[in-house]
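Participant: With the sequence up front, the predicted model follows.
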Amino acid sequence: MKHLFCISSPFQADSARRIIGYYDLPSEEVRILLFDHAFGRDHERVLCSLGELAGQVEIRHITAKTNALSRRLRFVFREAPEGNFKVYSGDWRNKLFKFFALHPGFRGFIAMDDGTASLVIAEQAAKGRQKMFAGLARFRPLFISRYPLKTLCPSLEVISLPTASHQKPLDTDAVLFIGCCVVEKGIMREEDYQQQLACARAAFPHQRIVYYPHRSEQPRALPEGFERVDPAVPIEHWFEMQPSPPAGLVSLFSSALINLASDYPDIRAFYMKPTADRILKRSDDIERVYHWLECLPGFTRLPEIHTP
């Protein structure tokens, strides 16, 4: 049995690594195809997310010239022409997903996580907003996910992906603040973002706060008691590398807050929702994340602070 992983982002690469490790798939039976955004600035992050697998399994690079669907499918059939293989894809919305989910000749199609886009897909599947989701109940592709997808769409067939990482001892003296590029995107003023940092400092006066900036953030001054981390790797990977990760998580609306809380069930996760007067512009993506933080279990909202 061949296992073919179609990857186009660092998060998909991380999902593939976890699945391969959890099911102990033999390296000689695993093939990885890197598509689309797995190149450019994300290429090193993809390889970093794959970890040791990058040197253990066969990886095919699909360049822009071979990105057409027909060429992708030719690569797939060339890898396992007898059809005795399973396909894993994290991009649930592309044509490959439709093809593999609906094609009766494949032994198995598995949808894996692509960050919180997985939650979006589950919500859309529950509401039947797109034609392809209307057929999910009939064709029933298998979803392997770290998220509580059945909470959003009970009809999905989901296997929870456990990780050994949550067995690590947590550092109760540390809290991780997950930064957001809200100033750079014109969503908040710098002084208002600094107020959110002050709010976190006030909420955890006896812990040290580790600040992990978004990779699009510009360097900024941090309040006393904050320690900055260089975002050289995806935050989920950095967290997993720590012998004793911080026992607390804080952010505004970072999707990484949901990712890490899903991986570490014993962790305490907090979010801050600034008052309307501190927000220069709203977005559907931000409101969607706040919706999940409010309705999914395990998240606590920190009290707001009001200053002149």
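Facilitator: That came through, no problem.
Participant: And the strands in the protein?
Facilitator: Listed in chain order, the strands of the chain (DSSP state E) span 2-7, 30-34, 58-61, 85-89, 108-112, 142-145, 157-160, 171-178, 208-212, 226-228, 246-251, 268-271, 299-301.
Participant: would you list these in JSON lines and tack on mean neighbour count, mean pLDDT and distance to residue 126?
Facilitator: Glycine gets a C-beta too; all of them are placed from N, C-alpha and C. Formatted as JSON lines, these follow (neighbours: other CB atoms under 10 Å; pLDDT from 0 to 100; distance: least, CB to CB, whole Å):
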{"stretch": "strand 2-7", "mean neighbour count": "24", "mean pLDDT": "84", "distance to residue 126": "25"}
{"stretch": "strand 30-34", "mean neighbour count": "22", "mean pLDDT": "85", "distance to residue 126": "30"}
{"stretch": "strand 58-61", "mean neighbour count": "14", "mean pLDDT": "80", "distance to residue 126": "35"}
{"stretch": "strand 85-89", "mean neighbour count": "23", "mean pLDDT": "80", "distance to residue 126": "20"}
{"stretch": "strand 108-112", "mean neighbour count": "21", "mean pLDDT": "77", "distance to residue 126": "15"}
{"stretch": "strand 142-145", "mean neighbour count": "20", "mean pLDDT": "83", "distance to residue 126": "13"}
{"stretch": "strand 157-160", "mean neighbour count": "14", "mean pLDDT": "83", "distance to residue 126": "13"}
{"stretch": "strand 171-178", "mean neighbour count": "20", "mean pLDDT": "93", "distance to residue 126": "28"}
{"stretch": "strand 208-212", "mean neighbour count": "20", "mean pLDDT": "93", "distance to residue 126": "32"}
{"stretch": "strand 226-228", "mean neighbour count": "14", "mean pLDDT": "91", "distance to residue 126": "40"}
{"stretch": "strand 246-251", "mean neighbour count": "24", "mean pLDDT": "94", "distance to residue 126": "26"}
{"stretch": "strand 268-271", "mean neighbour count": "20", "mean pLDDT": "94", "distance to residue 126": "23"}
{"stretch": "strand 299-301", "mean neighbour count": "13", "mean pLDDT": "93", "distance to residue 126": "20"}
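Participant: Relative to residue 118, which of those is closest?
Facilitator: Across these, residue 118 has its closest neighbour in strand 142-145 (5.8 Å, CB to CB).
Participant: Convert that closest one to PDB, retaining C-alpha atoms only.
Facilitator: Backbone C-alpha positions of strand 142-145 (Å, rounded to 0.1, in the frame of the first residue of the first chain) are rendered in PDB as follows:
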ATOM      1  CA  LEU A 142     -12.200  10.200   6.000                       C
ATOM      2  CA  PHE A 143     -10.900  13.300   7.900                       C
ATOM      3  CA  ILE A 144      -7.900  13.000  10.200                       C
ATOM      4  CA  SER A 145      -7.900  16.100  12.300                       C
END
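Participant: Can you list the strands that that strand pairs with?
Facilitator: For strand 142-145, the pairing partners within the sheet under DSSP bridges are strand 108-112 (parallel), strand 157-160 (parallel).
Participant: contacts for it?
Facilitator: 15, 19, 88, 108-113, 118, 149, 156-161 (CB atoms under 8 Å, 6 or more residues apart in numbering).
Participant: circling back: closest one to residue 51 among the strands paired with strand 142-145?
Facilitator: Ranking these by proximity to residue 51 (CB to CB) places strand 108-112 first, at 15.9 Å.
Participant: what angle separates the closest one from strand 2-7?
Facilitator: Between strand 108-112 and strand 2-7, the angle comes out at 30 degrees (axes from the mean of the first three to the mean of the last three CA atoms, to 10 degrees).
Participant: the domain parsing of the protein - what is it?
Facilitator: What automatic domain parsing lists as the domains of the chain is 2-162, 166-301.
Participant: mean pLDDT lowest for which of these?
Facilitator: Lowest mean pLDDT within those: domain 2-162, at a mean of 72.
Participant: Let's have the strands paired with strand 142-145 in TSV, adding distance to residue 229.
Facilitator: Shown next, in TSV, are those (distance: least, CB to CB, whole Å):
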stretch	distance to residue 229
strand 108-112	27
strand 157-160	29
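Participant: Nearest to residue 260, out of the ones you listed?
Facilitator: For residue 260, the closest of the strands paired with strand 142-145 is strand 157-160, at 16.1 Å, according to CB to CB.
Participant: Quick one, which of the strands of the chain gets closest to residue 260.
Facilitator: Proximity to residue 260 (CB to CB) singles out strand 246-251 among these, at 5.8 Å.
Participant: List of residues touching the closest one?
Facilitator: In contact with strand 246-251 (CB under 8 Å, 6+ apart) are residues 170-172, 174-180, 200, 203-204, 207, 209-210, 257, 260-261, 266-272, 302.
Participant: Against residue 292, how distant is the nearest residue to residue 249 once chain neighbours are set aside?
Facilitator: Sequence neighbours aside, residue 269 is the residue nearest to residue 249 in space, at 4.6 Å (criterion: CB to CB, 6 or more residues apart in numbering). Here the criterion is CB to CB, to the nearest Å. By it, residue 269 lies 12 Å from residue 292.
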